[in-house]
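Colleague: 3D, please:
(one chain, ligands or ions: 2)
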Amino acid sequence: MQTMRDFHYGSIHHRDNFWREQARRIHWETPFERVLDDSNLPFARWFPGGRTNLCYNAVDRWLETRADERALVWVSTEVDQTREFTVRQLYDEVNAVAAVLRETGVEQGDRVLIYMPMVPEAVFTMLACARLGAIHSVVFGGFASVNLAQRIDDAAPKVIVSADAGSRGGKVVAYKPLLDRALTLARHPPTRTLILDRGLAPMQTDPARDIDYAEARARHAGAEVPVVWMESTAPSYILYTSGTTGTPKGVQRDIGGYAVALASSMAYIFDGKPGETFFCTSDIGWVVGHSYIVYGPLIGGQTTVLYEGTPVRPDGAILWRLIEQYKVNTLFSAPTAIRVLKKQDPALLKQHDLTSLRAIYLAGEPLDEPTAQWVADSLGKPVIDNYWQTESGWPILAAQPGVERVPTKFGSPSFPVYGFDVRIVDEATGEDMGPDEKGVVAIVPPLPPGAMTTIWGNDARFVETYFTSVPNRQVYSTFDWGRRDADGYYFILGRTDDVINVAGHRLGTREIEESISSHAGVAECAVVGVADAIKGQTAVAFVVLKSAQVGEPGPAADALRREMLAVVDDQLGAIARPSALRFVQALPKTRSGKVLRRAIVAICEGRETGDLTTIEDPSTLDQIKDSLQ
Ligand code: ATP
Ligand code: MG
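Modeller: Numbers count the residues shown, from 1 in each chain. Ligands and ions are numbered 1, 2, ... in the order given. Take a look at the predicted model:
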């Protein structure tokens, strides 16, 4: 059996052979001329000359062996519906939408903006775009009109596909009025929109512009739309980063490289096989949804579960119930979902047969040790923390059980994934750091297949943003801090802009958070640096307790606060002790579960919070404000 180390070494030092081998996992209509064109780094062109198609690899290719097997299962606990599609039915649905899009004038290279809730039609539309060689830009359904208008102007779509409404936590969220408003705000709005009417919210329609999805689909039922064979390096989609740290960037991805990367990851990272079932709880509006709800599992010949709902409705056992019901082999979720479940009755975890489940993969934010330990103990399954970004398209750091089974360490997303030449570099000199030294997590170009190829419409910004921040060498910066221990395990220590400077000492807010979180009473916490006239900055901590009552002001709360600060003193030293520690019921987060630190800092410093359209629950900001009184 090969070792992870050898496998990774081969991917970097015998790069062309390695990826030529991996490329056999997908169908090429025309073979590629070269594995990699690296003549213009940091731009990397993977498999130039080759022609393929993401939709063909995800759907058509499986017609021969899996036509009557389930390809897509949609479960909505929001509208209490379940729909299942075999490969053949998925093929039919995708072809019908492709015919509709073609009728509206969509051609190869055109953009199609998708602003939809978690419904099967969203997946059909993404695949239909891929079939036609059109570039999709999925905009997360939680965005409001202004953000949507910005993305319309950036991508200049020919058509927008949307719906009357979505639903979250049992409440209808109307999409159509937001879309209509965005279309009036956009400078160059498209002339056609395709609207799925779910019957959830009344809407005004414009007959000159709006096409009814169901009606158009019916007219094109049974249509077969030929696959457009695309140059491997042509763009497949545009996807904006979450905007946690600033203005979102339109990440552009290719076709052939992406297909190869995802196909390989299904085997090596997820250790899976065709015929299995994959359940990813993310949203199609995020990169995890693109890669592991839609393309990865389907390209890998697996059944994908598309879930519209939260982990706690109708009750905290819903994820486990679905795993039992659909014999899910792989669960992919986010630490935030697990922290929510941690607050539920532990008995809920024991009611379902989870024997089909091989492992649970978590990504998107730091997985703190207590949460990792809790889920591993409760489920008795391996927990695989994996670290990546919208930009990377698939995991940068992860355990890879399909290559070699190596024990994981809690708090670490393990090792670099093959293809990623990951380094920990000194931000001042650009040099590689030694074991246990903290530095910036960087990647030596070329970025592997599947990673972003540029920023949409702005090559200069791509180079400038990602490849110039580390001095003296051209490496890709992740803008995250990390370290590698003597055994080669990596640890992510927070974002490079999360570092604060207290009286001349540089402190990572993430480290302080980890320290506070190790106190048994803490459900989660956020530490931010707040401007201070004397010290430059001070650390301020906001803590959500496991049990709500103890946080009420009074001697009990004071005692608890002292205990938590003592943990920080003990673990990191008094210099790291937050100047204030406040209890709140919930932290302000994006809908993808990321803590909105910049908004917290703004409130603490009495400034405007700025763009907050991605916020999950605006009332959490008031809690921050109130806690400061
Ligand atoms: P923006 O770049 O616009 O500020 P964002 O970085 O939040 O937005 P994403 O690409 O969705 O947008 O998130 C990637 C980031 O999430 C990583 O750079 C890292 O900070 C964090 N992250 C993802 N997975 C992990 C993980 N397993 N452990 C720690 N951090 C993680
Ligand atoms: Mg980022």
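
Colleague: Hmm, residue 68 is touching residue 89, no?
Modeller: No: when contacts are counted by C-beta atoms under 8 Å, residue 68 is not listed as touching residue 89 (9.2 Å). Using the backbone N, CA and C atoms, a C-beta is placed for each residue, glycine as well.

Colleague: So these two - more neighbours on which side?
Modeller: A direct count of neighbours by other C-beta atoms under 10 Å for residue 68 and residue 89 places residue 89 higher, at 17 against 9.

Colleague: Next up, the contacts around the more buried one.
Modeller: Shown in contact with residue 89 (C-beta atoms under 8 Å, 6 or more residues apart in numbering): residue 71.

Colleague: Could you check the pLDDT of it?
Modeller: Looking at residue 89, its pLDDT stands at 98.

Colleague: Just give me how far the helix or strand harbouring residue 361 sits from the chain centre.
Modeller: Residue 361 is located in strand 359-362, with elements delineated by DSSP states H and E. Centroid separation between strand 359-362 and its chain, computed with C-alpha atoms, centre = their mean, to the nearest Å, is 14 Å.

Colleague: now stretch 16-26
Modeller: For stretch 16-26, the distance to the chain centre is 25 Å (C-alpha atoms, centre = their mean).

Colleague: Give me the residues contacting it.
Modeller: Residues contacting stretch 16-26 (C-beta under 8 Å, 6+ apart): 10-11, 32, 34-36, 46-47, 50, 52, 57, 256, 259-260, 263-264, 267, 299, 418-419, 448-449.

Colleague: Quick check on the residues you listed: which are buried?
Modeller: In the contacts of stretch 16-26, burial by neighbour count holds for 11, 32, 35-36, 46-47, 50, 52, 57, 256, 259-260, 263-264, 267, 299, 418-419, 448-449, counting by 16 or more other C-beta atoms under 10 Å.

Colleague: on that earlier part again, going by contacts, tell me the helices and strands next to the helix or strand just after the strand holding residue 361.
Modeller: Next in sequence after strand 359-362, counting helices and strands by DSSP H and E, comes helix 369-379. Judged by 3 or more C-beta pairs under 8 Å, 6 or more residues apart in numbering; DSSP states H and E, the packing partners of helix 369-379 are helix 335-342, strand 359-362, strand 383-385, helix 509-517.

Colleague: And the nearest residue to residue 586 once chain neighbours are set aside, its phi and psi?
Modeller: Closest residue in space to residue 586, ignoring its immediate chain neighbours: residue 620 at 4.9 Å, by C-beta to C-beta, 6 or more residues apart in numbering. The phi/psi pair for residue 620 (degrees, to the nearest 10) reads phi -60, psi -30.

Colleague: how close does residue 620 get to residue 193?
Modeller: 33 Å (C-beta to C-beta, to the nearest Å).

Colleague: Please apply the same query to residue 72.
Modeller: Taking C-beta to C-beta, one finds residue 72 at 24 Å from residue 193.

Colleague: and stretch 342-361, how far from the chain's centre?
Modeller: On C-alpha atoms, centre = their mean, the centre of stretch 342-361 falls 23 Å from that of its chain.

Colleague: Revised request: answer the last question for stretch 81-97.
Modeller: 25 Å.

Colleague: before we move on, what about stretch 596-610?
Modeller: On C-alpha atoms, centre = their mean, the centre of stretch 596-610 falls 24 Å from the chain's centre.

Colleague: Same check on stretch 211-227?
Modeller: Counting by C-alpha atoms, centre = their mean, stretch 211-227 comes out at 30 Å from the chain centroid.

Colleague: Show me the contact partners of it.
Modeller: By C-beta under 8 Å, 6+ apart, stretch 211-227 touches 29, 53, 55-56, 60, 92-93, 95-100, 102-104, 121, 128, 131-132, 161, 163, 192-197, 205.

Colleague: among these, which are in reach of ligand 1?
Modeller: For ligand 1, no contacts are drawn from those by C-beta under 6 Å from any ligand atom.

Colleague: Please list only the buried members of those residues.
Modeller: Here, 16+ other C-beta under 10 Å leaves 53, 55-56, 60, 92-93, 95-100, 102, 104, 121, 128, 131-132, 161, 163, 192-197 buried among those.

Colleague: Next step: these restricted to helices.
Modeller: In helices, defined here by DSSP state H, the members of the buried ones among the contacts of stretch 211-227 are 55-56, 92-93, 95-100, 102, 121, 128, 131-132.

Colleague: Mind picking the two most distant members of the residues you listed?
Modeller: Largest separation among these by C-beta to C-beta: 56 and 121, giving 20.2 Å.

Colleague: same question for stretch 276-291, mean pLDDT?
Modeller: pLDDT averaged over stretch 276-291 gives 96.

Colleague: Tell me the span between the first and last residue of that stretch.
Modeller: End-to-end span of stretch 276-291 (C-alpha to C-alpha, to the nearest Å): 16 Å.

Colleague: near ligand 1, which residues of the stretch 301-450 of the chain?
Modeller: 363-367, 385-390, 413.

Colleague: now do 8 Å
Modeller: Counting by C-beta under 8 Å from any ligand atom, the positions of the stretch 301-450 of the chain adjacent to ligand 1 are 335, 362-367, 385-391, 397, 413.
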